[in-house]
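Student: build me a structure from this.
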Amino acid sequence: MSGGKNLRKSLSILITFLLIAGFTIPTQAAQLPTPDWEVAMDAALDWLQDTSTPQVGAPIGEWAVLALARAGRVTASDPWVQAWLADLDGVLSQIDAILAANPEFDISNPPSTGTFPAPMRRWTDFIRVNLALHAVGLDASNYQGRNIMSPFMHFVPTGERHAINRTILADIYALIALQGSGYEDLFLEHILDVQRADGTWSLNPAQPTSAFDIDITAMALQALAPHYRKSDARAVEAVETAIGWLMAQDFDNPESTAQMIIALTALGTAYADEALFYVQRLLQWFDPASGGFRRPTPADPVNALSTVQAANALVAYWRFVNDMSPLFTMDGDFIEMPQRPPGHNDTGLPSRHEDVARVEIIHPGRTFQDIQNHASQLAMEALASRGIINGRSETRFEPEATMTRAEFAAIITRGLGLPERPTDVFNDVPQTAWFYTAVGTAFYYEIINGVSPTRFNPSGTLTRQEAAVMITRAARLCGLDTSITDTEVLNILAMFGDSRNVAGWAREAIAFCFRAEILDDYDFYIQPTAVIYRSQVAEMLYRLLYIANLL
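Tutor: Numbering: from 1, shown residues only. Reported below is the predicted structural model:
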């Protein structure tokens, strides 16, 4: 590892120069007093605990539980953690019900994106829960009689996985969660095999370089750290090549900076100077008034995602300087928790509109030739079997075809089981049109509006943000709480690179759909003005009906 020592010496000289020159601190940040990192850590942890009740899969969810637990703030018996555990038990009960009804389903390789509840359908979802449970002293391998590790603990070649588990993040976090389990080797080998020549990792090895390479590369170092510390030759070479690349990058947001800090503290004391450098850089986004962190500039609103990642980074550094184990290295005894009875019904929510009704299956086993192995196959089949959405023929669904506003009106009213309410409102919806009753019904229940007081534009192609607005209105009829604060909207949309493209009239609806997991946060872009496909509409409606207990 002599090459590594020379590299670290060169980096330390460079860091010293940059700190003296003040090279990395933007002008507006340099005018502010630099807060003490421990003060910032405590304030960020307070912000996480005081801002929201933790929920599975939410910005303030598993990562927030992990940060607070690894800082010694909470244990499994803490009421704040108990609230998260209660939400987790509800999600797990839903999964139990699905598996009981469909014993052929494989939870580690689901037949479609929407097979299982959105907060726990990907390997990375189960890994997050595993890490949070472990952090509060619970055994994820035997939690309430379930093995939370089972979906991701056996390596599966990328090409044989469902699409939702093909990104390198699944392998990175599996390797982190499986430390010392004996299941790591194939994950380790795969991560090392897909590293690029310049030392980087990409979210999808088959895709070109992206803006997320900094984050993914830093996360890969977190997974490789235990093997680096053991002087594994391939891990050492991979880490040092990646460090050289990372140090040449411009860390212009708190999330990337936080991931770098977690990586450096996991690698060990040899990188103490580098870790301190990035901690000081991270503090430029800290807001002393609220205790949160802002993104992407120090002038932007405090953001939940930025704050939770910054909190974990500062906790990692706190553990590092106090000679404690790295953030993700957790040992110790587990605590047994009492069982909670499952609670699930399929008759709808108590607060739903009285006209909303569950639609029964009328075409059992309905499927189409062109949706086999599609990510949304389950959703399309579930809706088709109930007559909610039809194929374009007996054998073809055309999942990637677009959808018109009239078609959506028909699907959404059938999906909610609404009684027909024909209404003469729009001049371009004649009584002879096949969609006359559907449009009238959707308008009566305030699911859709016209493009003007007298025109509906039934043949207009539906966009993603239009669909989100209409689905949100339907969700309100189903009894879901669709209210959302301005702060929640900002925090949720800030996670996506094109959030500024969302129309003002659609921002609350899109944020709600992501919060409720009706829209999938798997992608890094919302694409609000892009057309929406039939398969995507089916997926959104299926998820709505599922969480509304109408399936």
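
Student: regarding the protein, what is its longest helix?
Tutor: Secondary structure of the chain per DSSP state H: the longest helix is helix 79-101.

Student: looks like Gln179 contacts His227 (just checking).
Tutor: No - with contacts defined as Cβ atoms under 8 Å, Gln179 does not count as touching His227, sitting 9.6 Å away. All C-beta spots, glycine's among them, are computed from the backbone N, C-alpha and C.

Student: who's more crowded, those two?
Tutor: Comparing Gln179 with His227 by other Cβ atoms under 10 Å, the one with more neighbours is His227, at 21 against 17.

Student: with adjacent residues omitted, what lies nearest to the more buried one?
Tutor: Closest residue to His227 in three dimensions, ignoring its sequence neighbours and counting by Cβ to Cβ, 6 or more residues apart in numbering: Ala235, at 3.8 Å.

Student: now do the strands in the stretch 251-400 of the chain.
Tutor: In the stretch 251-400 of the chain, no segments count as strands under DSSP state E, counting those that start in this stretch.

Student: pLDDT score for the residue nearest to His227?
Tutor: Per-residue confidence at Ala235 stands at 93 (pLDDT).

Student: and it, what element?
Tutor: With secondary structure defined by DSSP states H and E, Ala235 is part of helix 233-246.

Student: tell me which residues are up against that helix.
Tutor: The set of residues that contact helix 233-246 without belonging to it, under Cβ atoms under 8 Å, 6 or more residues apart in numbering, is 1, 3-4, 7, 11, 188, 192, 195, 198-201, 214, 217-218, 220-221, 224-225, 227-228, 260, 267, 271, 274.

Student: how about stretch 363-376?
Tutor: The set of residues external to stretch 363-376 that reach it, using Cβ under 8 Å, 6+ apart, is 112-114, 162-164, 377, 380-381, 384-387, 391, 395-399, 535-536, 538-539, 542.

Student: buried among those? Make that a ChimeraX selection.
Tutor: Of the contacts of stretch 363-376, the buried ones can be selected in ChimeraX as follows, counting by 16 or more other Cβ atoms under 10 Å:
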select :112,113,114,162,164,377,380,381,384,385,386,391,397,399,535,536,538,539,542
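
Student: tell me where the model's unsure across the stretch 301-450 of the chain.
Tutor: For the stretch 301-450 of the chain, the stretches with pLDDT under 70 are 331-347.

Student: following element in sequence after the helix or strand of the chain with the lowest mean pLDDT, please.
Tutor: Ranked by mean pLDDT, DSSP states H and E, the helix or strand of the chain with the weakest confidence is helix 27-30, at a mean of 32. Following helix 27-30 in sequence order, the next helix or strand is helix 37-51 (DSSP H and E).

Student: that next one packs against which elements?
Tutor: helix 62-70, helix 272-282, helix 304-321 (3 or more Cβ pairs under 8 Å, 6 or more residues apart in numbering; DSSP states H and E).

Student: run the chain-centre distance for it.
Tutor: 22 Å (Cα atoms, centre = their mean, to the nearest Å).

Student: in that helix, what's buried?
Tutor: Using 16+ other Cβ under 10 Å as the burial criterion, the residues of helix 37-51 that qualify are Trp37, Ala40, Met41, Asp42, Ala43, Ala44, Leu45, Asp46, Trp47, Leu48, Gln49, Thr51.

Student: torsion angles phi and psi at Thr402?
Tutor: Here is the backbone geometry of Thr402 (degrees, to the nearest 10): phi -80, psi 170.

Student: quick one: contacts for it?
Tutor: Contacts of Thr402 were listed using Cβ under 8 Å, 6+ apart, and they are Thr461, Leu462, Val531, Ile532, Tyr533, Arg534.

Student: count the residues that sit near Thr404.
Tutor: If you count neighbours by other Cβ under 10 Å, Thr404 ends up with 15.

Student: offset the numbering so it begins at 17, please.
Tutor: From this message on, residue numbering opens at 17, which makes the last subject Thr420.

Student: quick one on the thing from earlier: any chance of the helices and strands packed on helix 53-67 in a markdown table, plus distance to Ala116 and mean neighbour count?
Tutor: Formatted as a markdown table, the entries for these read as follows, by distance: least, Cβ to Cβ, whole Å; neighbours: other Cβ atoms under 10 Å:
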| stretch | distance to Ala116 | mean neighbour count |
| --- | --- | --- |
| helix 78-86 | 25 | 26 |
| helix 288-298 | 46 | 22 |
| helix 320-337 | 34 | 26 |
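
Student: ok, which of the ones you listed comes nearest Ala102?
Tutor: Using Cβ to Cβ as the criterion, the shortest distance between Ala102 and these is 12.7 Å, found for helix 78-86.

Student: so which elements touch the closest one?
Tutor: Using 3+ Cβ pairs under 8 Å, 6+ apart, helix 78-86 is in contact with helix 53-67, helix 95-117, helix 139-151, helix 320-337.
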